[in-house]
Each structure stands twice: as structure tokens, then as C-alpha cells.
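Enquirer: from the sequence below, what's the structure:
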Amino acid sequence: MQTSIGASQLARNICSAAGEAGLKSVLGVKLGTEPEQFVHSRYIIAWASNIHGNNVHLWPFISDARRKGAKLVVIDPYRTRTAACADWYLPINPGTDGALALGMMHVIINEGLHDADYVAAHAVGFEQLREKVQEYPPERVEKWTGIATSDIVRLAREFATSRPAVIRLNYGVQRSEGGGMAARAITMLPCITGSWKEVGGGLQLSTSGAYGLNRNALERTDLMEKVLGRPARTINMVELGQALNTLDDPPVKALFVYSSNPAAVCPNHNDVIRGLRRPDLFTVVHEQFFTDTADYADIVLPATTFFEHKDLQIAYGHYYLQMSDPAIEPLGECRSNVEVFRALAERMGFAEDCFGESVDQMIDAALNSKNPRLQGIDRHRLQREGHVRLGFEKQFLASGFPFPAFLPFAEGNFDTSSGQAELYSEELRAQGMDPVVAFVPPSESRHSAQAKAFPLELLARKADNFLNTSFGNLAAIQNMEEVGLLEMNAADAQSRGIADGDTVRVFNRRGDILLRARVDGAVQAGVVSAKLHWAKLSFGGRNINVLTSEKLTDLGNSATFYSVLVEVELSKSSP
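Expert: Reported below is the predicted structural model:
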């Protein structure tokens, strides 16, 4: 409907755009190792990936692999549940993952541990990469990452020589200023070792590029062109505070919020709230609960949960297309997103046929795609079977594997302009960026001048039992998550006269928040960590996003939630 009225479009870059841009800059498409293949892996790196906590459908395959002798290595600045289970845990300084990947490639290439045949057949830019990694010897990388030179060398050798080896990369890596380049560097690793050739090898960040639904049939951008004669402007969700407060020509006068809680999740919380409080801003929130954002709404509309409406689901962590039917009738006056927008379109007099389509018709339109992997999959089959594995045009037989394995890049077939893994990217060069790969420490990090005033790196990490901020209002979940904690290393706490359980003030130039110190071994010296909670359920009505900025990543224009410097001091107040 928003295309029909020429409304500003939303760039939903807050979650994953930088990592996806880095991945696609090498592979050309968001594909990766399917979860079922991890059971065949012999060496598994969980890189910024708390699999045991929030990737639970993958964990059984990793457990089976370990029972068969596989090694699990965890690289993460926080000692997660997965790190506690690991065979080898490598704590890394926030925002330095790209440097570690470059240091590993320095060892792999210089020691001849790369797959020269695979690289020659299926990659471009290897010689430029060979030259680039000479700038990143492990001794230099140690100073950035905090990981010992000997461990960097060992990690590189083990990854390159253990077959098959796989990396489960997650989006924590890309939530720093250099997040896109970090994802690009890590994505290069299986390309130079050739592990894409093997069942149980490769890398998984996102598999969503496999689905190829007919989005044009759903988004109908042609209606926007019909109204405006041009594409509407786009507003990046990361910069919502800026958009609400400073955007002009024209300013934002109306905001419709659905399937989101921006008053809690958007960075630079104080500016976001300032914008939401504007008396001339008309805000509608379509929600299931009275969230932080609902408190600033002029109108709150009750929304259905996924138990109450029919839906078609793709994924970014497996290769199954799924259909879900409602388990119950909508409660009270609750309506789904589709129903609300359809009713608005009717009241506003939009006559296009698309606004009268049923959910089934919309699903049929989405499945009416030229993507060969969707051939033979229609709504009726999904209705019968519930979930269907995509149909891959070429698969590989593997002993002990339950079905033919999908190896997206075993024989090349990269979806880049060259058709090869792009270790050198003309597209990046055209954007004025390093066409190979580079590491630059974040401007808010221990390696920056700002660290003199704010010497601690803040990890604004996910809670184990929330889904972003969903479920954050449930008392039982709040008790499980222990709302209001700041985890500190003993060295940092002692130097500030802080003991376990003390109330502390965490602050930087953007804002401050009171939390309770938890002095434990979850973070290394120089790092503090706190979870994201609803602001109105936190002390002072503020959450940790009062400390984060709207600064964007190098690729993908994503949020930099993990490039944040703070200072911590004792407080006389109580949270």
C-alpha cells in the first residue's frame, strides 16, 4: 500500500545488510553450507555465532560431528554458551575479526596450504590477495585482536589441513564499522582452501539467496512509479532518529510501525525518542503488546501472532520452504498485516486488483517464479507436506548422507560478474574501496583516540531468551535474563573500585544508563557487556541504545552496535 501513496520506503539495513554485502562481494549470492552437512565436518569454527543459544536447529548436527571426532572452535569476544562447550575458545577484541581472517590467510598462503587448483579454476584476484595479506603477519594481527601469534598460526594451519572444515559465521561480526570487510575476509577462507568442494565444508552465513520468490508480484514498485513518476526516497532504519528530527523536504509527518519496536531496538535511543515525541508526528503502531514504541503512538491497532494467520516462510539458515496455518482464530479485534493494509487500501479508494488478493493468491504469486529451485513446489504441495526442501539442479552423493548434498560452489558457479569467487572486486574499486580486502580499526575502539576518554568497548549483546525485543515483557523471561546487568572483567572493575553487585553508571557522549555490575569471566579486559531490554522496563526508562550511534558500516549501511566506547563508574543511585 505504501507504494501506492508514494510513501518513503524503508531500508531494513539494521540487522544483516553489511554481512550480506561482504558475503555477496565474494560469492555473488547468499548461499552456504546446509545444516545437515555439518555432521560430516571435521573442523567447525563458530565465528561470532552462539549456536547453542540461538541456532538450535544446527546444534544437533554439530554434536553428532563432535562425537565422531570433529573439533569445535569458537571465536567470540563474549564467552557464550557455545564458547563454554567448545574444544577451543578464542576470545577476540570487538571489531577485529577482519584482521584475524587476514592473518589466517597470511599463514595459509605463505605456507602453501591453499588449494592452488581450486583457486586457479574458480577464483580471480588471488595474486592481489597474496600481496595484500603480506601486510597482516600474525605478529601484527595479535596487537589488534588480542589473540596470541601462536594461536593465529595454529588456527590457520588446522583450518586449512582438517578436511572437511566449515565456518558458521553469524551477524555479530558485521555490527562494527568494518563489518562488511570482515565478512568479506572470512568468506574468502573456504575459497582459498577449496573446502567448498566437500560435503561438510564451506561456510554458512545466510542461505536466503536460494529461494528466489517473485517479490515483484508482492512489492508492486510499479505502483510507486505510477504515482510519483520515480522511486520514492528511502530512509535507513538505522538512522530513524536522524530522519525524525532533521529530515526535510519534506519532513516525516506520519509513521506506521509494524513487526518492529524501534523505540527499543534503534541506535541513538535518545534521538529516536525525541523524534517520536514530536507533537506534529502522527504515529500508528500495529502490535500484539504495549511495547516501548506503542507508548508514543496516536493509534494502537491489535495485531495477530503467527498462531493466528497463514504464512509462507523462507529461511536464512536452511533450505526448506515452509507453510504455516493458523492454529487459532484471531483473538478479539486482532488483524494480520495483510488484512490491515487491505482494509486501508479499500478505504483510501485504491482499485488495483492486488489489494483484493487473498493470502492464498499472494502465496501463489510469490511461488510463480522463474527460480528453478522452486519448480514442483506450489501452495497445494506445501499445504500437504508443511515443508519442502528446495529442488537443486545439481547435487552430490556422499556416503552416509541422507539425501544428495547441495554444494553450491563445488565446481565454481559463483553468481558474480566474473562467475568466480572474487578475491579482487571491480565493484568495490568503483566505489572507492579497497578492491581486495582491508582492515581498519573502528573509530570507536581501544585502538582509537576516543579510547582516552572512553576506554571500554561495549558489547550490546542479544539475550538468550528474547527474539530481538520480542518476549522481553514476560516476567518469567526477564527473571531468566537478569535485567539490568553489566558484565565486567575483574581487572577493569578493580581499577574503578567496583565490586560484584555494585550499581554503576555506564556513559559516553551520547547518553548514560545505570546497571548492576556482574564481575565475571565472560569478557576480557577492556570489554563490558550488557543485554538489550525494553526501555520502559529498565531503570530510568532507558536501555543500552542510549549509548549506541547511528554511524553506518563500511558496506551495506548497517548498524554499528558493536563499535561503541564507554566509561563506567560507581553510582550512588540504585537501578
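
Enquirer: residue boundaries of the helices in the stretch 101-250 of the chain?
Expert: Taking DSSP state H, counting those that start in this stretch as the test, the helices found in the stretch 101-250 of the chain are 116-122, 126-133, 138-145, 149-161, 179-193, 215-219, 221-228, 240-246.

Enquirer: low-confidence regions, the chain specifically.
Expert: Per-residue confidence for the chain (pLDDT under 70) gives these ranges: 1, 574-575.

Enquirer: for the longest strand that it contains, what is the distance to the chain centroid?
Expert: Using DSSP state E, we find that the single longest strand of the chain is strand 512-519. For strand 512-519, the separation from the chain centroid amounts to 26 Å (computed by Cα atoms, centre = their mean, to the nearest Å).

Enquirer: just the buried residues of that strand, please?
Expert: Of the residues in strand 512-519, 512-519 count as buried by neighbour count, 16 or more other Cβ atoms under 10 Å. In short, each C-beta sits where N, CA and C put it, glycine included.

Enquirer: the very next helix or strand once past that strand vs strand 512-519, what angle?
Expert: Using DSSP states H and E, the next helix or strand after strand 512-519 towards the C-terminus is strand 527-531. Interaxial angle of strand 527-531 relative to strand 512-519 (axes from the mean of the first three to the mean of the last three Cα atoms, to 10 degrees): 110 degrees.

Enquirer: strands paired with the next helix-or-strand element following strand 527-531, and their directions?
Expert: Downstream of strand 527-531, the next assigned helix or strand under DSSP H and E is strand 565-570. If you go by DSSP bridges, strand 565-570 pairs up with strand 456-461 (antiparallel), strand 503-507 (antiparallel).

Enquirer: what's the closest of those strands to residue 297?
Expert: Closest to residue 297 of the strands paired with strand 565-570, according to Cβ to Cβ: strand 456-461, at 25.2 Å.

Enquirer: now tell me what touches the closest one from outside.
Expert: Residues outside strand 456-461 that contact it (Cβ atoms under 8 Å, 6 or more residues apart in numbering): 77-78, 93-95, 172, 444-446, 492, 506, 523, 526-532, 544-545, 547-548, 561-562, 564-568.

Enquirer: can you list the buried residues in that strand?
Expert: Result for strand 456-461 [16+ other Cβ under 10 Å]: buried residues 456-461.

Enquirer: what is the end-to-end distance of stretch 329-344?
Expert: 22 Å (Cα to Cα, to the nearest Å).

Enquirer: I should have written stretch 168-180 there, sorry.
Expert: End-to-end distance for stretch 168-180: 16 Å, by Cα to Cα.

Enquirer: distance from that stretch to the middle of the chain?
Expert: With Cα atoms, centre = their mean, you get 7 Å for stretch 168-180.

Enquirer: between the buried residues of strand 512-519, which sits nearest residue 216?
Expert: After measuring the buried residues of strand 512-519 against residue 216 - Cβ to Cβ - the closest member comes out as residue 513, at 43.8 Å.

Enquirer: sorry, back to before: adding distance to residue 294 as columns, could you present the strands paired with strand 565-570 in CSV?
Expert: Listed next are those as CSV, based on distance: least, Cβ to Cβ, whole Å:
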stretch, distance to residue 294
strand 456-461, 22
strand 503-507, 26
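
Enquirer: wait, which of those is closest to residue 408?
Expert: strand 456-461 (30.5 Å).

Enquirer: restricting to C-alpha, output the closest one in CSV.
Expert: Provided in CSV are the C-alpha atoms of strand 456-461 (Å, rounded to 0.1, in the frame of the first residue of the first chain):
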residue,chain,number,x,y,z
LEU,A,456,35.9,0.3,27.5
GLU,A,457,34.4,-1.4,24.4
LEU,A,458,30.7,-2.2,24.9
LEU,A,459,29.1,-5.4,23.6
ALA,A,460,25.3,-4.7,23.3
ARG,A,461,24.6,-8.4,23.0
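
Enquirer: run the chain-centre distance for that strand.
Expert: The answer for strand 456-461 is 16 Å, by Cα atoms, centre = their mean.

Enquirer: before we move on, the earlier item: need the helices of the stretch 101-250 of the chain in JSON lines (columns: distance to residue 104 and mean neighbour count).
Expert: Below are the helices of the stretch 101-250 of the chain laid out as JSON lines (distance: least, Cβ to Cβ, whole Å; neighbours: other Cβ atoms under 10 Å):
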{"stretch": "helix 116-122", "distance to residue 104": "15", "mean neighbour count": "15"}
{"stretch": "helix 126-133", "distance to residue 104": "9", "mean neighbour count": "18"}
{"stretch": "helix 138-145", "distance to residue 104": "8", "mean neighbour count": "19"}
{"stretch": "helix 149-161", "distance to residue 104": "4", "mean neighbour count": "18"}
{"stretch": "helix 179-193", "distance to residue 104": "7", "mean neighbour count": "29"}
{"stretch": "helix 215-219", "distance to residue 104": "37", "mean neighbour count": "14"}
{"stretch": "helix 221-228", "distance to residue 104": "42", "mean neighbour count": "14"}
{"stretch": "helix 240-246", "distance to residue 104": "37", "mean neighbour count": "20"}
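
Enquirer: just the strands in the stretch 251-400 of the chain please.
Expert: Counting by DSSP state E, counting those that start in this stretch, the stretch 251-400 of the chain has strands at residues 254-258, 282-287, 299-302, 311-313, 320-324, 387-389.

Enquirer: so which of these is the most packed in?
Expert: The highest average neighbour count among the strands of the stretch 251-400 of the chain, using mean count of other Cβ atoms under 10 Å, belongs to strand 282-287 at a mean of 19.

Enquirer: so what are the sheet partners of it and their directions?
Expert: strand 254-258 (parallel), strand 299-302 (parallel).

Enquirer: any chance of these in CSV, with distance to residue 224 too?
Expert: Output for these, formatted as CSV (distance: least, Cβ to Cβ, whole Å):
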stretch, distance to residue 224
strand 254-258, 16
strand 299-302, 24
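
Enquirer: contact partners for residue 122?
Expert: 191, 409, 411-412, 414, 420-421.

Enquirer: JSON lines please, covering these and showing distance to residue 321 and secondary structure.
Expert: Output for the contacts of residue 122, formatted as JSON lines (distance: Cβ to Cβ, whole Å; DSSP: H, G, I helix; E, B strand; the rest coil):
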{"residue": "191", "distance to residue 321": "28", "secondary structure": "helix"}
{"residue": "409", "distance to residue 321": "22", "secondary structure": "coil"}
{"residue": "411", "distance to residue 321": "25", "secondary structure": "coil"}
{"residue": "412", "distance to residue 321": "26", "secondary structure": "coil"}
{"residue": "414", "distance to residue 321": "24", "secondary structure": "coil"}
{"residue": "420", "distance to residue 321": "29", "secondary structure": "coil"}
{"residue": "421", "distance to residue 321": "27", "secondary structure": "strand"}
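
Enquirer: I appreciate the help and will end here.
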